[in-house]
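Student: generate coordinates for the sequence data below:
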Amino acid sequence: MQMHLLLNADACNLERGIENMANISKTINPKLRTTITVLLLLSSFISLASQTMMVTALPVIQREMHVSLTLAQWLTTGYTLIIGVVTPLSSNMYEKFRNRSVFLGTIGTFVIGTLIGCVAHNFWFLLLARLVQACAGGILMSFQMTTMISIYPMEKRGTILGMSGLVIAFGPAIGPTLSGIIVNSLGWRYIFILVLPLMLLVLLIGFATFPNFKEPRELKIDVLSVFLSLIGAALTLASLTFFQTDIALGFVMLVVGLVILTLFIKRQLKLKDPMLNVRIVANPAFRRMTLVGIFAFMILLGTEQMVPIFAQNASHVSSTVSGMILLPGAIANALSAAIVGRLYDRFGPKYLITTGGILMLLASIPLVSLKPTTPLWIVTVAYMVRMIGNALVFSPAMSEAFIELDQAEISHATALNNSIRQAFGATSITLLIVVSGIPASFITGFHAAMWLTVVFAVLLLATFARYWQGSSRRNS
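Tutor: Numbers count the residues shown, from 1 in each chain. Next comes the predicted model:
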């Protein structure tokens, strides 16, 4: 009888939580909603731009700290990996703690990581700074998406996720350009020094204005799930790097990592309050459209990782010039993403995602045949076309992934979506770096890496076609 009463109490609490989340968008003050939106988008943009700011700095850091490119690339891969590992915790934190505490704690953690980067005197301290920043970035990204979906009405979801998609795509896209200018003018350390006051400002404004607009619920975070997620993801993704130097060790790490991740998934299916509600993957719209977003993100991170390295190592241009090659693409991506959300609300995903996938394939024609003597404007235009295509795919894929989910599933869905996407993003960066290093000629390796992104684009279009054939929205 006592157990029955406890279960009833839990059910009532959950129903109240769902009702409260559904009512947030109706009861929240519009000015307060605007303040929350600005703080979340600004801090997310800084975090995501920081994710790729090391891209154009890698050759400089590699030479200055006397490390290999395979080791140096962990400044970007490690950041993306930790975001993928930490993100599953965000759904639990969103439910367990007050949203004000989560936001301020996350920004405070990012500030600490940035401070370490400002004073880092060797590669390992620099890597530590990046990993601490990433711990905050993983929480912040899902927190931003979940909060914005909660505080805006359903009919504006496409527009809101378009704004979120703009930040998620434009932040990483503009990062290499900004860092190229910073590294060439001031040095790589200023990547941290210039970010620090911006995040401190966000922290101060957030402390003064960020509200509590929902009540937390009792929730026990499963420590074993956290451990399994961390170790499994780390071993699986790190194995890709070791395949280049020690195939046997890389294979063992991959197998062990996959086994641990399998145990993690099985545990989530048994828990009453899982760290990550993996059952959501059973929803066809979420599963297939998350996969579409994954392929788009892999193309985005992989291309913006490899193009600056090609420009500096093959065309022998400065970090500033290699960053400027990416600037038109970043701007075009931002302008496209700014209108894609509204187009999605009006016309749905069919033409946007199909057009975007085709544009990414067309942009591959010059990328798979670049030479050291290729004019830089061709590289710039090819990258820009690919970024426009990416913008047409990314936010519609995110919006469509959540189309059939209940409000109560949103926090877990955004955590799962972001976690898987970041994990595959880290895989893409490492995979392309490893592939480019296999042939004796870097040019040949670069071409092989770009052909791999072509495969991603084809898989993106095939996955969306499969989704659309079975979609209830096909004839709407």
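
Student: how many residues are close by R466?
Tutor: Neighbour count for R466, taken as other CB atoms under 10 Å: 14. Every C-beta, even on glycine, is put in place using the N, C-alpha and C of the backbone.

Student: residue contacts, it?
Tutor: Under the criterion of CB atoms under 8 Å, 6 or more residues apart in numbering, the contact list for R466 reads R288.

Student: one more: M141?
Tutor: S44, S47, L48, I83, T87, S90, I168, N418.

Student: would you mind giving those as CSV with neighbour count and pLDDT added?
Tutor: As requested, those are exported to CSV (neighbours: other CB atoms under 10 Å; pLDDT from 0 to 100):
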residue, neighbour count, pLDDT
S44, 21, 88
S47, 27, 87
L48, 24, 83
I83, 30, 77
T87, 29, 73
S90, 27, 70
I168, 26, 71
N418, 31, 75
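
Student: show only the entries of those found in helices.
Tutor: Within the contacts of M141, membership in helices is found for S44, S47, L48, I83, T87, S90, I168, N418, as judged by DSSP state H.

Student: adding distance to D222, write these out as a markdown table.
Tutor: Listed next are the ones in helices among the contacts of M141 as a markdown table, based on distance: CB to CB, whole Å:
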| residue | distance to D222 |
| --- | --- |
| S44 | 27 |
| S47 | 26 |
| L48 | 28 |
| I83 | 20 |
| T87 | 16 |
| S90 | 15 |
| I168 | 28 |
| N418 | 19 |
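
Student: for these, which one is nearest L392?
Tutor: Of all those, I168 has the smallest distance to L392: 14.2 Å, by CB to CB.

Student: which residues touch the closest residue to that closest one other than its chain neighbours?
Tutor: On the basis of CB to CB, 6 or more residues apart in numbering, the spatially nearest residue to I168 that is not a chain neighbour turns out to be L48, at 6.2 Å. Contacts were defined as CB under 8 Å, 6+ apart; by that measure L48 touches G137, M141, V167, I168, G171, P172, G175.

Student: rerun that using 7 Å as the cut-off
Tutor: Under the criterion of CB atoms under 7 Å, 6 or more residues apart in numbering, the contact list for L48 reads V167, I168, G171, P172.

Student: distance to P439 added to these, as a markdown table?
Tutor: As requested, these are exported to a markdown table (distance: CB to CB, whole Å):
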| residue | distance to P439 |
| --- | --- |
| V167 | 37 |
| I168 | 33 |
| G171 | 32 |
| P172 | 27 |
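
Student: farthest-separated two in those residues?
Tutor: Between all members of the contacts of L48, the longest pairwise span (CB to CB) is found for V167 and P172 and amounts to 9.7 Å.

Student: tell me the SS of L405?
Tutor: With DSSP: H, G, I helix; E, B strand; the rest coil as the basis, L405 sits in coil.

Student: just the buried ones out of the contacts of L48, please.
Tutor: Among the contacts of L48, those classed as buried by 16 or more other CB atoms under 10 Å are V167, I168, G171, P172.

Student: how close does the residue nearest to I168 sit to G138?
Tutor: Distance of L48 to G138, given as CB to CB, to the nearest Å: 11 Å.

Student: what's the domain layout of this protein?
Tutor: 20-221+275-469, 222-274 (automatic domain parsing).

Student: just name the most buried of these.
Tutor: Mean neighbour count (mean count of other CB atoms under 10 Å) peaks for domain 20-221+275-469 among those, with a mean of 21.

Student: which element is M324 on?
Tutor: Assessed by DSSP states H and E, M324 sits inside helix 319-347.

Student: isn't A382 up against L367?
Tutor: Yes: counting by CB atoms under 7 Å, A382 touches L367, with 5.3 Å between them.

Student: sorry, back to before: so which of the contacts of M141 is the closest to M387?
Tutor: The shortest approach to M387 among the contacts of M141 belongs to I168, at 13.1 Å (CB to CB).

Student: tell me the contacts of S436?
Tutor: With CB under 7 Å, 6+ apart as the criterion, the residues that contact S436 are M306, F442, G445, F446, A448, A449.

Student: between the residues you listed, which sits nearest H66?
Tutor: Using CB to CB, the shortest approach to H66 within the contacts of S436 belongs to F442, at 19.5 Å.

Student: ok, the closest one touching N313?
Tutor: Yes: applying CB under 7 Å as the test, F442 and N313 come out as touching, 6.1 Å apart.

Student: just give me how far the helix or strand hosting L269 sits from the chain centre.
Tutor: Here L269, judged by DSSP H and E, is contained in helix 247-270. The chain centre lies 22 Å from the centre of helix 247-270; the measure is CA atoms, centre = their mean, to the nearest Å.

Student: stretch 287-296 now?
Tutor: Between the centre of stretch 287-296 and the centre of its chain there are 12 Å (CA atoms, centre = their mean).

Student: pLDDT on it, on average?
Tutor: Confidence over stretch 287-296, taken as the mean pLDDT, stands at 90.

Student: touching it from outside, list them.
Tutor: Counting by CB under 7 Å, 6+ apart, the neighbours of stretch 287-296 from elsewhere in the structure are 281, 353, 390, 393-394, 397-398, 400-401, 417, 420-421, 424, 456, 459-460, 463-464, 466-467.

Student: and what of stretch 111-131?
Tutor: By CB under 7 Å, 6+ apart, the residues outside stretch 111-131 that reach it are 65, 67, 74-75, 78-79, 82, 132-133, 136, 189, 192-193, 195-196, 199-200, 203.

Student: what about 8 Å?
Tutor: The set of residues that contact stretch 111-131 without belonging to it, under CB under 8 Å, 6+ apart, is 54, 61, 65, 67, 71-72, 74-75, 78-79, 82, 132-136, 189, 191-193, 195-196, 199-200, 203.

Student: how about stretch 313-323?
Tutor: By CB under 8 Å, 6+ apart, the residues outside stretch 313-323 that reach it are 56-57, 59-60, 176-181, 183-185, 307-308, 311-312, 370, 372, 374, 376, 442-443, 446.

Student: swap in stretch 333-340?
Tutor: 162, 165-166, 169-170, 173-174, 352, 387-388, 390-392, 394-396.

Student: so which of those residues belong to helices?
Tutor: Cross-referencing those against helices under DSSP H gives 162, 165-166, 169-170, 173-174, 352, 387-388, 390-392, 394-396.

Student: and of these, the nearest to I299?
Tutor: Distance ranking of these against I299, using CB to CB, places N390 first at 6.4 Å.

Student: need the contact list for the closest one.
Tutor: Applying CB under 8 Å, 6+ apart, the residues near N390 are A169, A296, I299, L300, N333, G356, M360.

Student: I'd like to know which of those residues are part of helices.
Tutor: A169, A296, I299, L300, N333, G356, M360.

Student: let me have these in CSV, adding distance to L224 as columns.
Tutor: CSV is the format used below for these (distance: CB to CB, whole Å):
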residue, distance to L224
A169, 35
A296, 33
I299, 35
L300, 34
N333, 40
G356, 40
M360, 40
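
Student: from these, pick the one nearest G341.
Tutor: Taking CB to CB as the measure, A169 is the one of those closest to G341, at 11.7 Å.

Student: host element of the residue nearest to the spatial centre of the chain?
Tutor: Most central in the chain under CA atoms, centre = their mean is Q422, positioned 4.7 Å from the mean C-alpha point. Following DSSP H and E, one finds Q422 within helix 410-437.
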